[in-house]
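**Q** This is a predicted model, with the sequence first.
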Amino acid sequence: MSRDDLEQLQLERLQSTLYRVGTHVPFYRKKFAELKVNYDDFKSLDDLRRLPFTIKQDLRDNYPYGLFAVPQRDIVRIHSSSGTTGLATVVGYSRNDLKNWSDLVARVLTGAGVTQDDVIQIAFGYGLFTGGFGLHYGAERLGASVIPISAGNTKRQIQIMQDFKTTALVCTPSYALIMADTMMEMGVNPNGLSLRVGLFGAEPWSEAMRKEINEKLGIRATDNYGLSEVMGPGVAGECEECNGLHINEDHFLMEIIDPETLEPVAPGEVGELVVTTLTKEAFPMIRYRTRDLTRLITEQCPCGRTFNRMQRIIGRTDDMLIIKGVNVFPIQIESVLFDIEGTQPHYQIIIERINHNDQITVEVEVNEAIFFDQVRKQRELMELIKSRLVSELGIGVNVKLVEEKTLQRSLGKSQRVVDRREL
Amino acid sequence: MLKIRNLDAGYGKLRVLKNISLHVDGGEIVTMIGANGAGKTTLLSTVIGLVSPAKGEIFFLDRDCRKLNSQHIVAGGCVLVPEGRQVFATMSVEENLILGGYVLQKKEGKKAVLKEMAHQYELFPVLQERKGQLAGTLSGGEQQMLAMGRALMSRPRLVMMDEPSTGLAPLVVRDIFQVIVRLRDEGNTVLLVEQNAKAALSIADRGYVLETGKIILQGPAEDLLANHDVQRAYLGREKIE
């Protein structure tokens, strides 16, 4: 599809979406009136900038059904956000929405190299969280064999992975590593499994973590992106090049803005991702501020897909830590740890304020071997981590080595940051 | 093939079409459904050059149509099968077809016209049976077929049809729509304007819903058929669930 054809389609879909939210959703009708936005005069995609943003608080203020654009009887599914950062929000789907959702997730799966011949183990939680059902319906749409195992019971996951000859794994990246560890404990050799590809999402992760997963599980780990407020999984996903996530631009319009000034950033710059849905019937979203930080990649991808890509999420505007005035993203710390021999992929960042002074402590699990060894080696490792973190972050960091499996594990999204400051 | 952006058009001070954007790709049937007075005919008249647009862009095969007269638009490959057939009543069926082949004859000569006429007779056998008959004496369905055959005589790239089902018996409508599907399957492109939303959506690939001059919905035809708003407004039924 040429860029011009795509923009034509986006404009048509945007115009009818604006008409529908402007007439059916009181929240938007009011907001459009306040800002004197007349959607009749909406001529180009650039006009999007005249429209108001929607933020998470708007969803909460309209809890539960206030932002639905169709009557209740047209709603056939209700999901709720995972509530990583506070109160849950509610989203609804019409029959057509579910069909589009399945198609888009199937597209992401195809991009990652999954086919109807694959046996796909979906270890996302099933339930209100969009991850499980989203991937499930997409995988069925594709014709793959779906194992709806849901999250948890890691040993059983691995047993089933062995017995059912799972070829594709869907879960959070941190859970993939927990599985790898559990395999070691169980004496299961990952190379003996049929597993060949993984689709990981629902939490930010790093390139280093991808490498770790690839090595430990002997697979190709791919990233995919979605959020329940705009649909769930299926918004964007990596192709086999594993270099940026192709955005499903025929259904979503993406902007990258400066979270401070709210103005668009220069092309290719990092900023906050803002999403407008183009085809959602039940729950359209206009300029939803995701709080996710990324940048757009407009260069043609070697895979041949013409949809623009977004870089993997490099952090969130709201998990950005400000320590001694310096912006720190947990993902930066993760990258450093993954690069250091002897550390485990489990860590925790603790921030405290002592005598008005912010202190950041990174607790990291290390190989058992190091604890059996001399104290000197421990100290060397600690100093290494410290110096690497200082050069990465530009601030002093305390490092604490802890024994394996002493930090709390999570089966879903990891809680890596403990902020004990009272801000 | 056809790309319309932010089109405003009307008659005098009356703004009938408001900020219309739509496109038709090669090889698809796209339908525009809507009630009486929604602006469907105005849209087709604007594309074919009978009504000049107040604002917006119309591109047909990457050529800007606003600068062209109707005859050039037709010669460029875009034809209209008008509402109410508008066949030349006092001329024979064959004469009507020959008139439709005017553009083709200028371009490729008489032989091409005869060949194209044979193709129309194959598509609509009833026209061949009645080729000497005056067009005005044909039944409504036959006149519709003649109007379509006449338009196809120019070997167009895009066929626009304005309410081909008007005033026809359901069985005849079915025949007409089957011909439209066949045209698409033979590689033609069709923009079909209809009040008979159910019939149109069931043969179309994509659709647009026009209401008081605005496009309020668009999407794959099957999605529109399943959409409850469309069902309530145009299909005269609503599934009770």
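**A** Perfect, I can see it now.

**Q** all contacts plus neighbour counts: C-alpha atoms, from now on.
**A** Fine.

**Q** Pull the contacting residues for the residue in chain B that chain A sits nearest to.
**A** Proximity of chain B to chain A (Cα to the nearest Cα) peaks at residue B:216, 5.0 Å away. By Cα atoms under 8 Å, 6 or more residues apart in numbering or on different chains, the residues touching residue B:216 are A:16, A:17, A:19, A:20, B:208, B:209, B:210.

**Q** Near chain A, which residues of chain B are found?
**A** B:3, B:5-6, B:18-19, B:21-23, B:215-218, B:223, B:226-228, B:241 (Cα under 8 Å from any Cα of the partner chain).

**Q** Checking the residue in the stretch 301-423 of chain A that chain B sits nearest to next. Helix, strand or coil?
**A** Across the stretch 301-423 of chain A, the shortest distance to chain B (Cα to the nearest Cα) belongs to residue A:306, at 17.9 Å. At residue A:306 the chain is in coil, as set by DSSP: H, G, I helix; E, B strand; the rest coil.

**Q** Kindly state the pLDDT recorded for it?
**A** We note a pLDDT of 95 for residue A:306 in this prediction.

**Q** Count the neighbours of it for me.
**A** 18 (other Cα atoms under 10 Å in any protein chain shown).

**Q** Quick check: it vs residue A:251, distance?
**A** Using Cα to Cα, to the nearest Å, residue A:306 is found at 14 Å from residue A:251.

**Q** ok, now how distant is residue B:111 from residue A:57?
**A** Taking Cα to Cα, one finds residue B:111 at 71 Å from residue A:57.

**Q** hmm, I was thinking of residue A:313
**A** 22 Å.

**Q** For those two, work out which one has more neighbours and name it.
**A** With neighbours defined as other Cα under 10 Å, residue A:313 and residue A:57 compare such that residue A:313 has more, 23 against 11.

**Q** Can you check what pLDDT the model gives the nearest residue to that one once chain neighbours are set aside?
**A** Once flanking residues are discounted, residue A:313 sits nearest to residue A:294: 5.2 Å by Cα to Cα, 6 or more residues apart in numbering or on different chains. Looking at residue A:294, its pLDDT is 95.

**Q** hey, what's the most centrally placed residue in chain B bridged with?
**A** Per Cα atoms, centre = their mean, the C-alpha nearest to the average position across chain B is that of residue B:161, at 1.4 Å. Beta bridges link residue B:161 to residue B:81, residue B:192, judged by DSSP bridges.

**Q** pretty sure it is touching residue B:190, no?
**A** Yes: counting by Cα atoms under 8 Å, residue B:161 touches residue B:190, with 7.5 Å between them.

**Q** Which helix or strand contains residue B:31?
**A** Element membership of residue B:31, judged by DSSP states H and E, is strand B:29-33.

**Q** tell me what that strand is packed against?
**A** Contacts defined by 3 or more Cα pairs under 8 Å, 6 or more residues apart in numbering or on different chains; DSSP states H and E place strand B:29-33 against strand B:189-194, helix B:197-203, strand B:206-211.

**Q** Break the chain down into its structural domains.
**A** Assuming you mean chain A. Per the record, chain A has its domains at A:1-318, A:321-419, by automatic domain parsing.

**Q** The chain in question should be chain B.
**A** Residue ranges for the domains of chain B, per automatic domain parsing: B:1-77+B:157-241, B:85-155.

**Q** Distance across the last one, terminal residue to terminal residue?
**A** When you say that, I think you mean domain B:85-155. Start-to-end, domain B:85-155 (Cα to Cα) is 18 Å.

**Q** what number of residues lie near residue B:88?
**A** 17.

**Q** Let me see the confidence value for residue 114.
**A** Picking chain A for this. So, for residue A:114, pLDDT stands at 98.

**Q** actually chain B
**A** 95.

**Q** Against which helices or strands is the helix or strand that it is a member of packed?
**A** In the assignment (DSSP H and E), residue B:114 maps to helix B:110-123. Other helices and strands packing on helix B:110-123, by 3+ Cα pairs under 8 Å, 6+ apart, are helix B:93-100, helix B:102-108.

**Q** tell me what the last one is packed against?
**A** Read it as helix B:102-108. Packing contacts for helix B:102-108, counted by 3+ Cα pairs under 8 Å, 6+ apart, involve helix B:110-123.

**Q** do the first one as well
**A** Contact analysis of helix B:93-100 by 3+ Cα pairs under 8 Å, 6+ apart lists helix B:110-123, helix B:140-152 as its packing neighbours.

**Q** Find the one among the ones you listed with the highest mean neighbour count.
**A** helix B:140-152 (a mean of 25; mean count of other Cα atoms under 10 Å in any protein chain shown).

**Q** can you give me the angle that one makes with helix B:110-123?
**A** 150 degrees (axes from the mean of the first three to the mean of the last three Cα atoms, to 10 degrees).

**Q** before we move on, the earlier item: please identify the next secondary structure element, helix or strand, after the helix holding residue B:114.
**A** helix B:125-129.

**Q** Might you calculate how far that next one sits from the centre of the chain?
**A** 22 Å (Cα atoms, centre = their mean, to the nearest Å).

**Q** next one: stretch A:31-38
**A** That offset, for stretch A:31-38, works out to 32 Å (Cα atoms, centre = their mean).

**Q** Then stretch A:6-26?
**A** How far stretch A:6-26 lies from its chain's middle: 26 Å, per Cα atoms, centre = their mean.

**Q** Show me what the mean pLDDT comes to for it.
**A** On average, stretch A:6-26 scores 94.

**Q** what's the answer for stretch A:188-199, then?
**A** Average pLDDT, stretch A:188-199: 96.

**Q** what about it, how long is it end to end?
**A** First residue to last in stretch A:188-199 (Cα to Cα) measures 21 Å.

**Q** ranking the domains of chain A by burial, who's on top?
**A** domain A:1-318 (a mean of 20).
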